[in-house]
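# after the sequence you'll find the predicted model.
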Amino acid sequence: MNVAGGALNVCVMDKVNQNLTSGQKLLLKWHFKLGHMGFGWLQWLGHHGFLPEVIGNVDKPLCASCRFATAHRNPVGKVTHIQLPKSQGGSGAIKGNDLKPGDRISVDQYESTVLGHLWGSKGRTRDDNMFNGGTIFVDHASGLIHVEHQVSLNASDTICSKILFECMAKTHGITISNYHGDNGIFTAASF
């Protein structure tokens with residue numbers, strides 16, 4: 001038990017915490033020691049003698065760290081998918097029976113507020129030399145998605161990404177014949 005600045009800080013595992021039984025505290029202790037392993041597994045290990053037997057028969061306590069980690073997850077349950085007609089962008093709207101890989105490529109860009117280190121950097125890179133977005137290429141016929149990360153989203157970096165994508169396609173015997181994009185970058189004459 002620690003007293004800091006007049007406030008009482010009680011650890012979940014302290015003896016003065018009467019919200020948990022001694023068995024629950026022991027189960028929580030093993031949960032922390034084993035990297036937040038699931039309580040069900042820990043109780044199974046207790047039932048089979050690998051951990052103290054007392055933890056096998058206690059009510060599962062709540063771990064604040066685990067609950068915080070799952071707070072951002074999507075809810076689990078029945079998800080319904082509605083098949084859209086082709087006229088509204090459903091199946092077959094992008095792909096066509098007459099398309100071959102490389103016939104039509106959709107292009108778009110993404111921007112990230114979290115800067116990313118370059119592949120060869122050792123962690124000491126100036127902010128203006130770090131990835132802050134990139135270009136996404138999607139082949140309509142095959143569904144291939146290719147992402148090129150970029151330091152900036154200007155036309156010259158986007159053209160470099162386009163050249164890298166075309167080189168990757170060429171190594172697989174594909175020639176790109178048509179790009180489809182809606183950003184201003186893609187309407188530039190240099191692109």
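That came in fine, so what should we check first? Numbers count the residues shown, from 1 in each chain.

# quick check: V147 is in a strand.
Yes. Counting by DSSP: H, G, I helix; E, B strand; the rest coil, V147 falls inside a strand.

# and for it, the neighbour number?
For V147, the count of nearby residues is 13 (other Cβ atoms under 10 Å). In this view, the C-beta of every residue, glycine as well, is placed from N, C-alpha and C.

# ok, now how distant is it from F131?
11 Å (Cβ to Cβ, to the nearest Å).

# go on, Y179?
Y179 is 22 Å from F131, by Cβ to Cβ.

# output the lengthiest helix in the chain in PDB with nothing but the alpha carbons.
Scanning the chain for the helix with the most residues, using DSSP state H, yields helix 155-171. Provided in PDB are the C-alpha atoms of helix 155-171 (Å, rounded to 0.1, in the frame of the first residue of the first chain):
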ATOM      1  CA  ALA A 155       3.400  14.100 -58.400                       C
ATOM      2  CA  SER A 156       7.100  13.000 -58.600                       C
ATOM      3  CA  ASP A 157       6.800  10.500 -55.700                       C
ATOM      4  CA  THR A 158       3.500   9.200 -57.100                       C
ATOM      5  CA  ILE A 159       5.200   8.700 -60.500                       C
ATOM      6  CA  CYS A 160       8.000   6.800 -58.800                       C
ATOM      7  CA  SER A 161       5.400   4.600 -57.100                       C
ATOM      8  CA  LYS A 162       3.700   4.000 -60.500                       C
ATOM      9  CA  ILE A 163       7.000   3.000 -62.100                       C
ATOM     10  CA  LEU A 164       7.700   0.600 -59.200                       C
ATOM     11  CA  PHE A 165       4.200  -0.900 -59.600                       C
ATOM     12  CA  GLU A 166       4.800  -1.300 -63.400                       C
ATOM     13  CA  CYS A 167       8.200  -3.000 -62.800                       C
ATOM     14  CA  MET A 168       6.500  -5.400 -60.400                       C
ATOM     15  CA  ALA A 169       3.800  -6.200 -62.900                       C
ATOM     16  CA  LYS A 170       6.300  -6.600 -65.700                       C
ATOM     17  CA  THR A 171       8.300  -9.200 -63.700                       C
END
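
# after that helix, heading C-terminal, what element do we hit next?
Counting by DSSP states H and E, the next helix or strand C-terminal to helix 155-171 is strand 179-181.

# can you list the buried residues in that following strand?
By neighbour count on 16 or more other Cβ atoms under 10 Å, the buried set for strand 179-181 is G181.

# packing partners for that strand?
strand 105-116 (3 or more Cβ pairs under 8 Å, 6 or more residues apart in numbering; DSSP states H and E).

# contacts for the very next helix or strand once past the strand it packs on next, please.
Downstream of strand 105-116, the first helix or strand assigned by DSSP H and E is strand 131-139. Strand 131-139 is contacted from outside by 101-102, 104-112, 115-118, 144-153, 158, 161-162, 165, using Cβ atoms under 8 Å, 6 or more residues apart in numbering.
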